[in-house]
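Peer 1: Sequence plus predicted model, see below.
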Amino acid sequence: MKRRTLIKSAILAAFAGAAGYGGWQAYRIFKTPDVADLKNHLPLINALAQTIIPKTADSPGAGDVNAAAHIVRMVQLASDKKTQNSFVNGLADIANAAYSRYNKAFENCSPQQQAELLTEAQNSGKPWKGSLGKVQQKLLGNSFFTTLKELSCEAWCTSAEGMNQGLAYDYVPGSFQGCVPLAPGQKSWATK
């Protein structure tokens, strides 16, 4: 009799723990995000964007074109609440991981350390495959890394420096040519 009571109590405690954890995660995802605080994290966001699109010899990095301003504006104005929450939580998670692992801010870490932290953020935010991934994205919104990567690329490609130095931008392109092979070493085209 006591064994049954113990097993029932253990199962009940496991269900209560799972429900509590699920409730906490739901609260983190669906609460009203503090997107006004994102302006305080501009150096961190610029460092993250610079890690995604680094500076090369002939083109600027995403941090050099101030991608953080575009990222913050798009998260505040054009993202749903779930994506905003995952972005704010992801920033906090990556800042805490940098402090706990390297005892310094993400911006002050070496490029290798920054890449390691960003790779961990990418792996933790990977969606499931197939239909479950679509449901997950619909219910939970985009992950932190997905949002950061998309907005960093968008900010870089639409900046004047990115278009003129990183892409082959032609202000007046002339006629449309659908499928033209690129010459060796030629930059891809940018249009606006």
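Peer 2: Happy to help now that I have it.

Peer 1: Count the neighbours of G185 for me.
Peer 2: When counting by other C-beta atoms under 10 Å, one arrives at 5 neighbours for G185. Using the backbone N, CA and C atoms, a C-beta is placed for each residue, glycine as well.

Peer 1: Report the separation between it and P54.
Peer 2: 19 Å (C-beta to C-beta, to the nearest Å).

Peer 1: E107 too?
Peer 2: Per C-beta to C-beta, E107 is found 14 Å from P54.

Peer 1: what about the residue nearest to I71 when sequence neighbours are not counted, helix or strand, and which?
Peer 2: Spatial nearest neighbour of I71, excluding adjacent residues (C-beta to C-beta, 6 or more residues apart in numbering): L151 at 4.4 Å. Here L151 sits within helix 144-158, counting by DSSP states H and E.

Peer 1: Could you check how far that helix is from the centre of its chain?
Peer 2: How far helix 144-158 lies from its chain's middle: 7 Å, per C-alpha atoms, centre = their mean, to the nearest Å.

Peer 1: returning to that earlier point: for burial, what's the neighbour tally of the residue nearest to I71?
Peer 2: Counted with other C-beta under 10 Å, residues neighbouring L151 total 26.

Peer 1: check contacts around it.
Peer 2: Under the criterion of C-beta atoms under 8 Å, 6 or more residues apart in numbering, the neighbours of L151 are A67, H70, I71, M74, V75.

Peer 1: Helix or strand: which one has the last one?
Peer 2: Mapping V75 onto the secondary structure by DSSP H and E places it in helix 67-78.

Peer 1: Contacts for that helix next, please.
Peer 2: Helix 67-78 has contacts (C-beta under 8 Å, 6+ apart) with 35-36, 38-39, 41-43, 45-46, 49-50, 53, 83-84, 87, 147-148, 151-152, 154-156, 158-159.
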